[in-house]
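[1] With the input below, show me the fold.
(2 chains)
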Amino acid sequence: MSQRVVITGLGVLSSLGIGHEAFWEGLLAGRSGIFEIPYFDLSEFEIHRGGIVRGFEPERVLGPELAQELGRATQFALAATQMAFRDAGLDPARLNAERVGVSLGTSVAESMAIERITELSLREGWDAVPADLLRQTPGYSIPGRVAAQHGFSGVNRLLPTACSAGNYAIGDAFDQIRLGRTDVMVAGAADPFSQIAFVGFHKLKSMASDVSRPFSKDRTGMMVAEGAGIMILESYERARARKAIIYAEILGYGLSCDAHHMTSPHPEGTGAFSAMEQAVRHAGVSAREIDYISAHGTGTPLNDRVETLAIKHLLGERAREVPISSVKSMLGHAMGAASALEAIVCALAIHTGSIPPTANYQEPDPQCDLDYVPNEARHVPLRVAMSNSFAFGGNNASLVFGALERGEP
Amino acid sequence: MSRLFITGTGVVSPYGIGTASFMAGLLAQRSTIQKGRFGFPAAELNDFDPLPSLGAKGLRAIDRVTAMILVALQEALREARLEGAEGLGEAGVVVGTAFSGLDSIIGFFTERLREGAHFVTASRFGNVVLNAPASHASLRFGMSRLNSTVVSGLASGLDAIAYASDKVNAGYSPLILVGGADELSHGNVALFRQLGYLAEREARPCDPQGKGFNPGEGSAFLVLEEEGHARERRAEILAEVAGYGVSFDPAPLRNEPPTVAIAVRTIREALASAGLAPAEVSTAFVSANGMAAFDAMEAQALAEVFGPDLETLRLKQWLGETMGASGALAAVYAVKCLNAPEAPRAILVNAFSYSGHYVSLILRAPSKPGLLGGE
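    Model prediction:
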């Protein structure tokens, strides 16, 4: 029991590109993944842009028949899983299917399908909504379809914990391998561009008017985005035996709930702190060892202030020495997928010794006075990294990653 | 690994609010299936009113399925003598649900289409995420540890118990409120209709001629407590989570008949983790709901593992297919049955979903007080 769990494959669909290579190159260059939203009529809105996945051809990747059958979240999940297996050098058909599981997160699941169904049911009544469209909607089919494509029969579940869903899913996948239930886990999250989320955040005035500037004094909010991030997890012994490239080790995670408000974080950041503190404790490291934090960093005035408070609480006097960045400044906020993409950021940061910047940073905020890696990537060896995600409902999840050889703290 | 105990239960079922009406109804084998608000036979919550249980405060902010969850949760806390207790801050919440507040999502977008994006109700937006009910539960009862929503088709409620047990074992919380809930909504009714899952009359679980299920709604929660925590506060131990198996059958999504071997593996995994031989389990609450192919698959798997002598109970003939609630409702019934005179020592509960999600859970009767360590 209690196997070490490592990351050996990455699959990415992001507004900065498809595949982890394009994703990482874009992030380190500080590029923007924000484009005109192509999916619906924007005439009611003063904001027309978001993080859009471009150049994704589901027909080519999944075949025309399957692509036709599936909603965009499921297409994302399947495509990113295929990519992650290829990256891991694993042929899913040759794995022991009983010992492979799938644990995925999402925020609104097949939001686009639900939007179309709502529209059709209003216009023509429920009887007019076609079966093919209805069949796309249940969230449980997202991990189900991934498993069905490859015949995997291990544990399979969707953990839809809004914007922290990716971290919840990766945490559970980590447990499944540690407990010896599975050899390999497909873990991560997928979210298509959600008009429902766009309308909601618009109403809450949480969206940035031009670009997202996390931690900058003039920040006004976030940009809604879409994407998927999938990791292949396996035990260290297994990965070593097959001489796999290991990006990083997952050391542990922490989960908490603010129990404060549905759409606002606790003003003192107690829930955020609790998730980070538990993550460090479960990981068996000390807060002193953390070399990098991938922030939730939505770019809303409140989140960034509260997250800064919670990080200071965790790191104490060292807080100003630890680089912290928000890739949402470039990718936009891909809802549940955001946390999975940011977990991949931590794995790649450890693997490459590079830290992506917080882009669009302009002006220091006295309430956000830490090192946010403004505008320029940094190159420095990392041993321990943490990824934060805080969601609607006050659901917080933090993951801790480590380099394989960490030496003495 | 520490032992995991059940120290409280609460339900909202088609029989009404609370375990008393639930037990009375099931013991009398009274069917709750009748033609309901969607025009087909279903086990609905008629006149469900959360007001007497929850009070008026905060009620407008939550949707119906959330109210069902909060009421069942409150009942479970009460039975565990934890209502209003200090220390709920270290408790977690795990909600299993197949559809969560699907009608809240559709409702929010309906408002957007009808009234325009500027005129949606901001407070309704918080309910469009599938974790909203679980978050409302933490909010209401001040539970600040993990807050998870588990979606595994009709097995969601039982899978939530497996998930929560893993988390207690991994040290995330010594006390988790775990269960399942689902309601009939426009979205899932349309889905079931189009897929041809609905029985036109009373469904016949385990009948080879079965032509679908009667959908139902409900909510059931259990207080799952780590041994040391339960002992320390001198909780009454109602049952023990002995073991569970969780797997996935890819066949249904590939339009192939369900796989008996995967169901067999799920049940054997539950037995192995409970450290029990098949002969030590005499009773099973089966998943059968009237979908003939799945019912036959389950019966075959049970026969393969247990032989012909297993006593089986088909709860869904009276309760309907309550989706994400079904496994949790069956678990609550099992807990109650294990405390009855001449009860079996252990009960197997199955949830084998058309979505391919298969979960088996074994609950064991509480040991005699002497065996529990010097009470």
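
[2] can you tell me which residues contact residue 227?
    I'll assume chain A. A:12-15, A:51, A:53, A:76, A:190-191, A:331, A:334, A:337-338, A:341 (C-beta atoms under 8 Å, 6 or more residues apart in numbering or on different chains). The way it works is simple: take the backbone N, C-alpha and C, and place the C-beta from them, glycine included.

[3] actually chain B
    By C-beta under 8 Å, 6+ apart, residue B:227 lies in contact with B:2, B:3, B:4, B:5.

[4] Out of those residues, name the ones that lie in helices.
    If you go by DSSP state H, the contacts of residue B:227 have nothing in helices.

[5] Out of these, show me where the pLDDT dips lowest.
    Lowest in pLDDT among these is residue B:2, which has 84.

[6] Against residue B:240, how distant is it?
    11 Å (C-beta to C-beta, to the nearest Å).

[7] returning to that earlier point: now the contacts of residue B:227 as TSV including distance to residue A:396 and neighbour count?
    As requested, those are exported to TSV (distance: C-beta to C-beta, whole Å; neighbours: other C-beta atoms under 10 Å in any protein chain shown):
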residue	distance to residue A:396	neighbour count
B:2	25	14
B:3	29	17
B:4	25	22
B:5	28	26
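
[8] If we only consider those, which is nearest to residue B:132?
    Residue B:132 lies nearest to residue B:4 out of the contacts of residue B:227, by C-beta to C-beta, at 27.2 Å.

[9] Isn't the closest one up against residue B:225?
    Yes. With contact defined as C-beta atoms under 8 Å, residue B:4 counts as touching residue B:225 (7.3 Å).

[10] which neighbours do these two share?
    Here residue B:4 and residue B:225 share the contacting residues residue B:168, scored by C-beta under 8 Å, 6+ apart.

[11] And for the residue in the stretch 51-200 of chain B positioned nearest to chain A, nearest residue in space, chain neighbours not counted?
    For the stretch 51-200 of chain B, the residue closest to chain A is residue B:135, as judged by C-beta to the nearest C-beta, at 2.6 Å. Distance criterion C-beta to C-beta, 6 or more residues apart in numbering or on different chains; nearest residue to residue B:135, sequence neighbours excluded, is residue A:393 at 2.6 Å.

[12] Please apply the same query to residue A:185.
    Nearest to residue A:185 is residue A:173, by C-beta to C-beta, 6+ apart, at 3.7 Å.

[13] do the same with residue A:95
    Counting by C-beta to C-beta, 6+ apart, residue A:95 lies nearest to residue A:184, which is 6.0 Å off, once chain neighbours are set aside.

[14] How about residue B:44?
    Nearest non-adjacent residue to residue B:44, counting by C-beta to C-beta, 6+ apart: residue B:36, 4.1 Å away.

[15] picking up where we left off before, which one of the contacts of residue A:227 is nearest residue B:367?
    residue A:190 (45.0 Å).

[16] Now do the helix or strand harbouring the closest one: distance to the chain's middle.
    Per DSSP states H and E: residue A:190 is located in strand A:184-191. Mean-position distance between strand A:184-191 and its chain equals 10 Å (C-alpha atoms, centre = their mean, to the nearest Å).

[17] Give me the contact list for the helix or strand following that strand.
    Helices and strands here follow DSSP H and E; after strand A:184-191, the next one along the chain is helix A:195-203. Here helix A:195-203 makes contact (C-beta under 8 Å, 6+ apart) with A:37, A:39-40, A:45, A:47, A:50, A:107-108, A:111-112, A:114-115, A:207, A:221-222, A:224, A:335, B:105, B:108-109, B:112, B:117-118, B:120, B:122, B:125, B:128.

[18] Emit the PyMOL select command for whichever of the residues you listed are buried.
    To isolate the buried ones among the contacts of helix A:195-203 in PyMOL, judged by 16 or more other C-beta atoms under 10 Å in any protein chain shown, type:
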select buried, (chain A and resi 37+39+45+47+50+107+108+111+112+114+115+207+221+222+224+335) or (chain B and resi 105+108+109+112+117+120+125+128)
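
[19] Narrow the contacts of helix A:195-203 to those in strands?
    Among the contacts of helix A:195-203, the members found in strands (DSSP state E) are residue A:50.

[20] number of nearby residues for residue 28?
    In the absence of a named chain, chain A is used. Using other C-beta atoms under 10 Å in any protein chain shown, residue A:28 has 19 neighbouring residues.

[21] hm, I was asking about chain B
    Using other C-beta under 10 Å, residue B:28 is surrounded by 10 other residues.

[22] Any figure for the gap between it and chain A?
    Going from residue B:28 to chain A by C-beta to the nearest C-beta, to the nearest Å gives 33 Å.

[23] distance of that residue from residue B:16?
    Taking C-beta to C-beta, one finds residue B:28 at 13 Å from residue B:16.

[24] ok, now residue B:49?
    For residue B:49, the distance to residue B:16 (C-beta to C-beta) stands at 11 Å.

[25] if you count what's nearby, which of those two comes out ahead?
    Per other C-beta under 10 Å, whichever of residue B:49 and residue B:16 has more neighbours is residue B:16, with 17 against 11.

[26] Next up, the contacts around residue A:292.
    By C-beta under 8 Å, 6+ apart, the contact set of residue A:292 is A:322, A:323, A:324, A:325, A:346, A:349, A:355, A:382, A:384, A:385, A:386.

[27] who in the stretch 201-350 of chain A is up against chain B?
    A:201-204, A:255-263, A:270-271, A:274, A:278, A:282 (C-beta under 8 Å from any C-beta of the partner chain).

[28] nearest residue to residue A:92 other than its sequence neighbours?
    Per C-beta to C-beta, 6+ apart, closest to residue A:92 is residue A:150, 4.1 Å.

[29] quick one: the helices in the stretch 1-150 of chain B?
    Applying DSSP state H, counting those that start in this stretch to the stretch 1-150 of chain B gives helices spanning B:19-27, B:51-54, B:64-79, B:102-115, B:122-125, B:132-141.

[30] for the second one, which positions count as buried?
    Translated: helix B:51-54. For helix B:51-54, a neighbour-count test (16+ other C-beta under 10 Å) marks B:53, B:54 as buried.

[31] What residue in chain A comes nearest to chain B?
    For chain A, C-beta to the nearest C-beta, closest residue to chain B: residue A:393, 2.6 Å.

[32] which residues does the residue of the stretch 51-200 of chain B closest to chain A contact?
    By C-beta under 8 Å, 6+ apart, the residues touching residue B:135 are A:257, A:262, A:392, A:393, A:394, A:395, B:147.

[33] So the fourth one versus residue A:165, what's the distance?
    For residue A:393, the distance to residue A:165 under the criterion C-beta to C-beta works out to 11 Å.

[34] So between these two, which is more surrounded?
    The neighbour comparison of residue A:393 against residue A:165 (other C-beta under 10 Å) goes to residue A:165, with 36 against 32.

[35] ok, now how distant is the more buried one from residue B:59?
    Counting by C-beta to C-beta - residue A:165 and residue B:59 are separated by 27 Å.

[36] Also residue A:268?
    27 Å.

[37] Show the pLDDT at residue 288.
    I'll assume chain A. 96.

[38] That was the other one, I meant chain B.
    We have a pLDDT of 98 for residue B:288.
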